[in-house]
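Novice: what follows is a protein structure lacking sequence information:
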């Protein structure tokens, strides 16, 4: 673990996997495409989950849990959903194992074949709307504001830890409303909640916008997205919020009695973020020494590394322990690394790899002088500070690091965002990597041609777009939209 | 929802399902044997999860997440595990859907058949020990103290909401240790954590003990259990903690280098509790009016029902709102039911069904007199209390209700626990329902005969057993153990 990682400049994909594994965030599982989220990675996910869940509840949502196994026929109900979505799924066909008659372990009992195959949820719209039909009769039953934290399976051939795995963890909000306007407001409210968590907690600036027809969720009327720039200048979609109109209500025949005693189809939204956000933080903030975690979501914010020989051991550890207690009292998440089996140098590398925002070093001379060496993970900056000031100063320093990581990401994105004036400039930018902000004529064929030639996709039509006076970067026609284009994960 | 439930005396099973559905805890899913946990039921599970998770972390455990899909061959590795366990499983055989060539929705793509079938985890020992093999080399890597919150599938033919469903939510701790003693201490530590949460938070007294060979977990050396008495006098196993010895380490070849530079197999434990605990609370505390929730895990501890006519509406609601704020300040989980669409009487029934521990009624005369009517759900007792004393008095009242529910359950269990002196008395007790505490000769054939004749099983050998002088209730031979016998869920 003390060994370094592949430099980003040499092989970015390899660097990413190195960091994820060496920081002990995750590991590959035995089945191709599956991932084990290790305790350190999981504790980051717990911090994110808490940040989202708090805000979901503050905006009136409640959690629930729906079955993971969905009858195959449900996936046929919403036509666009089937076409665009229900393909790479795990299919359950049998329900029993038995001893191999030949004595070799267990085999599937052929007699246990299901009449109708079951699908492990690739997303839960269908099963949830099947239940909503039973729960919704009148306008009084609306809105329903339910969220679910769950695991999801989508069979992926090309996988990457956190970013794309066959199984992943996520939350999926599924809301039901009496009016289109209310559902649309909900869609926008939730993309704003996502923006807030990703920017404020993960220190990751995002562009908020709408997806094009080609890029939106299968079954949605409108998809909102937040898009962030990774360290290799590619885009990563960090969360989406869908206005589903009455599509799923129609597919599952969910109507309600209005105040005027009419029957109307219910309006829907769905929205989700997943464990891929952990990967986003690695790629947006990491450097060649490993992770750099934003303090607000770091499981360990401050690590204390005592430095001693046998004769100074007790004194140093005593000071380090009382410092640990003092920092816990001001609710800093602090860890004292008192391992005897590895050297201080090993510990420095280890905690740098794991991205702990602040390291405190305390040796015998520091104890005498009543100071500690404070090292920032984001800048590498070192300073010596009096022990009795640390409880007062560290919380502010952590906030400063949070802001600094955010600002570094904003600057990096600004540096690599251009407004290419013509197709050649666009192609050059896409080759070099970066975001292009430019005009699009609104034609799906243009969008397809851009993708075919450059692998870049329209990440979104940003909320603050202004197409007036712009020309389409590909066709030269007057732009219908201003869009953000990039190669993406 | 205002309608009553089937009385317990008439049909206990029906009463249970009525309460679970009318209190909106859970509902049946579309696939036979599956369950939807509705928001109210899920919020109870969240409270339990938090109570356990806090204690897991306080005892040094960390959370992680392992893949749900397990290669079939893994389940063949540990012989006893296969025999006793890996039977009723959901088997994934294909990974793709495609449009039906006949145009009828989607069908399974036959070309997507997996080479080796995958099993949805019925428990995770096998996949976790496969990973531990990669993480454990030396004694320095031990102990590993990992817990996982996850969903589990065991194909069940006879299902009941919360108690037995094909899919359920649980936590499973899986720890790895350098010595047998440390692993055994861990096993006992965790059953004690379970006892504490179930007794202190859920107000449910349990008997702590060991399982017999016939009843223990397949693959375990020793299984500890906590057993509670339900309202129909049957036993419910509420949680188990297993000392696995080196069984899984051998099956997955997990050895470690000891301090003396030897290689030794790692020692293991596993332990789990599940959403069945929600069912346990319904059955232990519920009455013919519905749920009765212990205040510590109640999502809503106090509900305020304002009673008004048009002319008094503003005054009453204003008082109710300021009371709500005041109670929130003293961290009481309070809800103001200001629905206009239903009557106060409907609300009373509704919140009684949902088991909210305390109801406050406030009408115009109460506002004038500066009082509220306080109604306890556990006893039905009513008293009028000054509004300005409620913030001070309600937290104590909630604690009193917590204690009262626990004491009621202790008394009920005492009333229905006997020490039958002979086989006839035992059979009479099992027919009437209750716990028998008596001698057992230790012979598995005796155990099997008792079960065959009375459907009662040995729930556990309680930790405080004292077989000296006892005779086996079935064989009349000198007792080897003192055991608790009952019919169980």
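Specialist: Yep, it's here. Nothing here was measured: the structure is a model prediction, and the numbers come from that model. Numbers count the residues shown, from 1 in each chain, chains lettered A, B, ... in the order given.
Novice: give the buried residues for stretch A:341-358.
Specialist: For stretch A:341-358, a neighbour-count test (16 or more other CB atoms under 10 Å in any protein chain shown) marks A:347, A:348, A:349, A:350, A:351, A:352, A:353, A:354, A:355, A:356, A:357, A:358 as buried. C-beta: built from backbone N, CA, C; applies to glycine.
Novice: is it true that the fifth one lies in a strand?
Specialist: This points to residue A:351. No - the assignment for residue A:351 by DSSP: H, G, I helix; E, B strand; the rest coil gives helix, which leaves it out of any strand.
Novice: ok, now which ones touch the closest residue to it other than its chain neighbours?
Specialist: Spatial nearest neighbour of residue A:351, excluding adjacent residues (CB to CB, 6 or more residues apart in numbering or on different chains): residue A:303 at 4.7 Å. Going by CB atoms under 8 Å, 6 or more residues apart in numbering or on different chains, residue A:303 touches A:334, A:335, A:336, A:337, A:347, A:351, A:356, A:358, A:359, A:360.
Novice: what about residue A:303, which SS state?
Specialist: Applying three-state DSSP: residue A:303 is strand.
Novice: look at it and report its pLDDT.
Specialist: Residue A:303 carries a pLDDT value of 98.
Novice: just checking, residue A:131 touches residue B:35?
Specialist: No - counting by CB atoms under 8 Å, residue A:131 does not reach residue B:35; the two are 11.0 Å apart.
Novice: overlap in contacts of the two?
Specialist: With CB under 8 Å, 6+ apart as the test, residue A:131 and residue B:35 both reach B:27, B:29.
Novice: returning to what we had before: between the contacts of residue A:303, which is closest to residue B:458?
Specialist: Nearest to residue B:458 among those: residue A:335, at 45.4 Å, using CB to CB.
Novice: against chain B, how distant is that closest one?
Specialist: 12 Å (CB to the nearest CB, to the nearest Å).
Novice: re earlier: export the contacts of residue A:303 as CSV, with columns for secondary structure.
Specialist: Below are the contacts of residue A:303 laid out as CSV (three-state DSSP):
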residue, secondary structure
A:334, strand
A:335, strand
A:336, strand
A:337, coil
A:347, helix
A:351, helix
A:356, coil
A:358, strand
A:359, strand
A:360, strand
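Novice: now name the helix or strand holding residue A:45.
Specialist: helix A:39-58 (DSSP states H and E).
Novice: revised request: answer the last question for residue A:239.
Specialist: strand A:235-245.
Novice: how far away from the center of its chain is that strand?
Specialist: Here strand A:235-245 is found 12 Å from its chain centre; the criterion is CA atoms, centre = their mean, to the nearest Å.
Novice: so after the helix holding residue A:45, what's the next helix or strand?
Specialist: strand A:62-63.
Novice: just checking, next helix/strand downstream of that following strand?
Specialist: strand A:69-71.
Novice: contacts for that following strand?
Specialist: With CB under 8 Å, 6+ apart, strand A:69-71 has contacts from A:92, A:116, A:118-121, A:124, A:126-127, B:30-31, B:34, B:90, B:153, B:166-167.
Novice: and residue A:406, what does it touch?
Specialist: Shown in contact with residue A:406 (CB under 8 Å, 6+ apart): A:199, A:203, A:204, A:205, A:294.
Novice: scratch that, residue A:174
Specialist: A:124, A:125, A:128, A:129, A:132, A:144, A:146, A:147, A:148, A:268, A:269, A:270.
Novice: now render these as CSV, adding distance to residue A:427 and neighbour count.
Specialist: Below are those laid out as CSV (distance: CB to CB, whole Å; neighbours: other CB atoms under 10 Å in any protein chain shown):
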residue, distance to residue A:427, neighbour count
A:124, 40, 22
A:125, 38, 30
A:128, 43, 26
A:129, 43, 27
A:132, 47, 23
A:144, 47, 20
A:146, 45, 24
A:147, 42, 24
A:148, 43, 19
A:268, 40, 30
A:269, 37, 29
A:270, 36, 25
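Novice: more neighbours: residue A:131 and residue B:35, which one.
Specialist: Legend: neighbour count by other CB atoms under 10 Å in any protein chain shown for residue A:131 and residue B:35, higher for residue B:35 (28 against 24).
Novice: and the residue nearest to residue A:351, how far from residue B:429?
Specialist: Applying CB to CB, to the nearest Å, the value for residue A:303 to residue B:429 is 60 Å.
Novice: so residue A:94 bridges to which residues?
Specialist: Judged by DSSP bridges, the bridge partners of residue A:94 are residue A:113, residue B:91.
Novice: just checking, residue A:448 is part of a helix?
Specialist: Yes - according to three-state DSSP, residue A:448 belongs to a helix.
Novice: what strand or helix carries the residue of the stretch 301-450 of chain A at minimum distance from chain B?
Specialist: Using CB to the nearest CB, the closest approach of the stretch 301-450 of chain A to chain B is made by residue A:341 at 5.6 Å. Using DSSP H and E, residue A:341 sits within no helix or strand.
Novice: residue A:403 too?
Specialist: Residue A:403 belongs to helix A:387-415, assigned by DSSP H and E.
Novice: near chain B at all, stretch A:213-220?
Specialist: No - for stretch A:213-220, no contact with chain B is found by CB under 8 Å from any CB of the partner chain; the gap never falls below 13.0 Å.
Novice: buried residues in that stretch?
Specialist: Judged by neighbour count (16+ other CB under 10 Å), stretch A:213-220 contains these buried residues: A:215, A:216, A:217, A:218, A:219, A:220.
Novice: tell me the pLDDT at residue A:421?
Specialist: 88.
Novice: out of the contacts of residue A:174, the closest to chain B would be?
Specialist: The shortest approach to chain B among the contacts of residue A:174 belongs to residue A:146, at 6.4 Å (CB to the nearest CB).
Novice: elements contacting the helix or strand hosting that closest one?
Specialist: Secondary structure assigned from DSSP H and E places residue A:146 in strand A:144-153. Where contact means 3 or more CB pairs under 8 Å, 6 or more residues apart in numbering or on different chains; DSSP states H and E, strand A:144-153 is packed against helix A:39-58, strand A:62-63, helix A:125-135, strand A:167-177, strand B:144-153.
Novice: packing partners for the strand or helix carrying residue A:424?
Specialist: In the assignment (DSSP H and E), residue A:424 maps to helix A:423-432. Applying 3+ CB pairs under 8 Å, 6+ apart, one finds that helix A:423-432 contacts strand A:435-440, helix A:444-454, strand A:481-486.
Novice: include mean pLDDT when you put those into TSV, please.
Specialist: Putting those into TSV (pLDDT from 0 to 100) gives the following:
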stretch	mean pLDDT
strand A:435-440	97
helix A:444-454	98
strand A:481-486	98
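Novice: in TSV: those, plus mean neighbour count and distance to chain B.
Specialist: Converted to TSV, these look like this (neighbours: other CB atoms under 10 Å in any protein chain shown; distance: least, CB to the nearest CB, whole Å):
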stretch	mean neighbour count	distance to chain B
strand A:435-440	24	31
helix A:444-454	15	22
strand A:481-486	24	29
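Novice: now render these as TSV, adding distance to residue B:11.
Specialist: Listed next are the helices and strands packed on helix A:423-432 as TSV, based on distance: least, CB to CB, whole Å:
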stretch	distance to residue B:11
strand A:435-440	65
helix A:444-454	61
strand A:481-486	62
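Novice: and the ones you listed: which comes nearest residue A:471?
Specialist: Closest among those, once you apply CB to CB, is strand A:435-440, at 5.2 Å.
Novice: could you check the angle the closest one makes with helix A:423-432?
Specialist: 150 degrees (axes from the mean of the first three to the mean of the last three CA atoms, to 10 degrees).
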